[in-house]
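Student: only geometry, no sequence info:
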């Protein structure tokens with residue numbers, strides 16, 4: 001009995017010490033743990049972590065439709081180009097956390113910039129955390145800067161964490177480019193190589209992160225994609241498009257009798273909202289009238305057309321003040337898509353600018369398919385145009 005009492009008394013005396021030790025362990029875990037294990041600490045780029053948050057309540061299609069509906073301040077273009085040769089404000093290096101010269105895109109950037117100079121600049125900034133972005137001069141590159149960001153190694157058991165970190169790479173790089181007064185930036189498809197991120201998922205995350213950032217930010221953004229298999233286009237859309245192409249496209253080697261349709265065909269009476277008979281209407285007058293009829297403002301149109309705010313302001317200034325000014329055919333179609341014009345309205349607007357909508361051109365047939373089916377998401381249209389090696393809208 002006496003022994004039990006002594007033991008109980010000893011425990012009471014040591015209780016405050018044990019409690020203090022537990023508190024210290026918890027504090028150390030919360031403060032030092034994230035530094036030792038950055039992948040477990042959430043977003044780790046040098047900007048606000050809210051940039052990397054994921055809205056899990058929305059699907060990829062809903063997010064893309066949101067961006068297409070509200071428009072963007074900058075432009076977003078898919079390319080199949082070597083980013084080391086692009087004349088942009090900054091190119092992005094898919095770096096390792098030690099910022100050492102690697103293989104693939106990373107190795108190509110170091111070689112083009114000058115290995116010793118770029119490595120010396122990187123050594124002053126290393127190491128970085130996964131998802132973080134830092135900037136160095138471009139040295140011998142056409143680009144003024146190189147932004148280095150460490151993409152995540154794909155973890156199929158923690159997909160949301162992988163996505164958060166990958167989004168952080170893009171949004172952190174974009175913010176860093178804007179902070180350094182760049183007008184344009186070119187990305188590779190980060191983490192889609194030896195880091196194992198599935199290409200389709202990687203492209204989906206990249207496009208979503210870029211489009212979200214561009215709602216408020218203003219840059220011309222290029223994403224280099226060499227593997228067309230990375231494009232995430234629904235089977236339903238592709239099946240419908242291929243059927244439409246087969247039915248309507250008259251290529252150089254396609255001679256089916258009766259398939260060539262006149263691009264000057266007249267729209268049904270009333271289809272143009274009273275434009276029939278206005279054959280002397282100028283392009284600018286037609287465009288401005290259609291903008292008014294749709295209840296839109298200039299800024300609504302050029303943001304949705306993937307033209308960008310600065311370029312859009314200049315374009316509409318010319319349209320409103322320069323007599324007879326007409327933009328390129330691609331720009332006219334981008335404006336038509338932004339206005340969600342019907343096919344007769346689009347054909348009429350193109351006609352006012354001096355362009356046909358021809359079934360002998362693959363580009364025209366693809367755009368026509370989207371308009372006929374009431375699909376006006378310009379990012380989705382550009383993804384399909386890119387797949388078919390056609391020029392893109394806006395940008």
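Tutor: In hand now; what should we look at? Because the structure is a prediction, the values reported are computed rather than measured.

Student: Now do the domain split for this structure, please.
Tutor: According to automatic domain parsing, the chain comprises the domains 49-230, 235-387.

Student: Next, format these as CSV and append distance to residue 395.
Tutor: Where C-beta positions appear, they are placed from N, C-alpha and C, glycine not excepted. Output for the domains of the chain, formatted as CSV (distance: least, Cβ to Cβ, whole Å):
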stretch, distance to residue 395
domain 49-230, 4
domain 235-387, 6
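
Student: among the ones you listed, which is the most enclosed?
Tutor: Ranked by mean neighbour count under mean count of other Cβ atoms under 10 Å, the domains of the chain are led by domain 49-230, which reaches a mean of 19.

Student: Might you calculate how far it sits from the centre of the chain?
Tutor: Remark: domain 49-230 is offset 10 Å from the chain centroid, using Cα atoms, centre = their mean, to the nearest Å.

Student: And the strands in the stretch 101-250 of the chain, which stretches?
Tutor: Remark: strands assigned in the stretch 101-250 of the chain by DSSP state E, counting those that start in this stretch are 133-137, 145-150, 184-187, 220-224.

Student: Turn the domains of the chain into a markdown table, columns for mean pLDDT.
Tutor: Output for the domains of the chain, formatted as a markdown table (pLDDT from 0 to 100):
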| stretch | mean pLDDT |
| --- | --- |
| domain 49-230 | 88 |
| domain 235-387 | 85 |
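
Student: Minimum distance to residue 394: which of those has it?
Tutor: The closest of the domains of the chain to residue 394 is domain 235-387. By Cβ to Cβ, the value is 2.8 Å.

Student: Do me a favour and get the end-to-end distance for that closest one?
Tutor: Using Cα to Cα, to the nearest Å, the end-to-end distance of domain 235-387 comes to 13 Å.

Student: ranges for the helices of the stretch 201-350 of the chain?
Tutor: Assigned helices in the stretch 201-350 of the chain, in chain order: 235-248, 283-293, 298-304, 309-321, 329-338, 343-352 (criterion: DSSP state H, counting those that start in this stretch).

Student: tell me what the third one is packed against?
Tutor: In terms of contacts (3 or more Cβ pairs under 8 Å, 6 or more residues apart in numbering; DSSP states H and E), helix 298-304 is packed against helix 60-70, helix 309-321, helix 329-338.

Student: Just want to check the distance between residue 186 and residue 347.
Tutor: Applying Cβ to Cβ, to the nearest Å, the value for residue 186 to residue 347 is 35 Å.

Student: Correction: the previous question concerned residue 161.
Tutor: 49 Å.

Student: do residue 159 as well
Tutor: For residue 159, the distance to residue 347 equals 45 Å [Cβ to Cβ].

Student: Next: residue 101.
Tutor: 54 Å.

Student: Residue 103 now?
Tutor: Going from residue 103 to residue 347 by Cβ to Cβ gives 50 Å.

Student: Let me know the distance separating residue 383 from residue 237.
Tutor: When distance is defined by Cβ to Cβ, residue 383 is 10 Å away from residue 237.

Student: nope, residue 219 is what I meant
Tutor: Residue 219 is 28 Å from residue 237, by Cβ to Cβ.

Student: got it, and residue 296?
Tutor: Separation of residue 296 from residue 237 (Cβ to Cβ): 26 Å.

Student: Check residue 72 too.
Tutor: Taking Cβ to Cβ, one finds residue 72 at 22 Å from residue 237.

Student: if we can go back for a sec, nearest to residue 341 among the strands of the stretch 101-250 of the chain would be which one?
Tutor: With distances scored as Cβ to Cβ, the stretch of the strands of the stretch 101-250 of the chain nearest to residue 341 is strand 220-224 (25.4 Å).

Student: Any chance you could list what contacts that closest one?
Tutor: For strand 220-224, the surrounding residues in contact (Cβ atoms under 8 Å, 6 or more residues apart in numbering) are 74-83, 86, 88, 174, 183-189, 203, 206-207, 210, 214, 308, 395.

Student: make it 7 Å
Tutor: The contact list for strand 220-224, computed with Cβ atoms under 7 Å, 6 or more residues apart in numbering, reads 74-81, 83, 86, 88, 183-188, 206, 210, 214, 308.

Student: cool, and stretch 297-316?
Tutor: 68, 71-76, 218, 220, 291, 327, 334-335, 337-339, 378, 393-395.

Student: Quick check: which of the helices of the stretch 201-350 of the chain is nearest to residue 127?
Tutor: helix 309-321 (36.9 Å).

Student: I'd like to check the angle between that closest one and helix 283-293, please.
Tutor: 110 degrees (axes from the mean of the first three to the mean of the last three Cα atoms, to 10 degrees).

Student: starting at the chain centroid, how far to helix 309-321?
Tutor: Using Cα atoms, centre = their mean, the offset of helix 309-321 from its chain centre is 23 Å.

Student: Over to stretch 337-356?
Tutor: 26 Å.

Student: May I have the distance across it, first residue to last?
Tutor: Start to finish, the residues bounding stretch 337-356 are 16 Å apart (Cα to Cα).

Student: Kindly report the same for stretch 91-108.
Tutor: 12 Å.

Student: contacting residues around it?
Tutor: Residues outside stretch 91-108 that contact it (Cβ under 7 Å, 6+ apart) are 83-84, 109-110, 115, 119, 122, 125-130, 141, 143, 146-151, 173, 185-188, 190-191, 193.

Student: separation between the nearest residue to residue 118 once chain neighbours are set aside and residue 191?
Tutor: Leaving out its chain neighbours, the residue that sits closest to residue 118 by Cβ to Cβ, 6 or more residues apart in numbering is residue 110, at 5.3 Å. As judged by Cβ to Cβ, residue 110 and residue 191 stand 18 Å apart.
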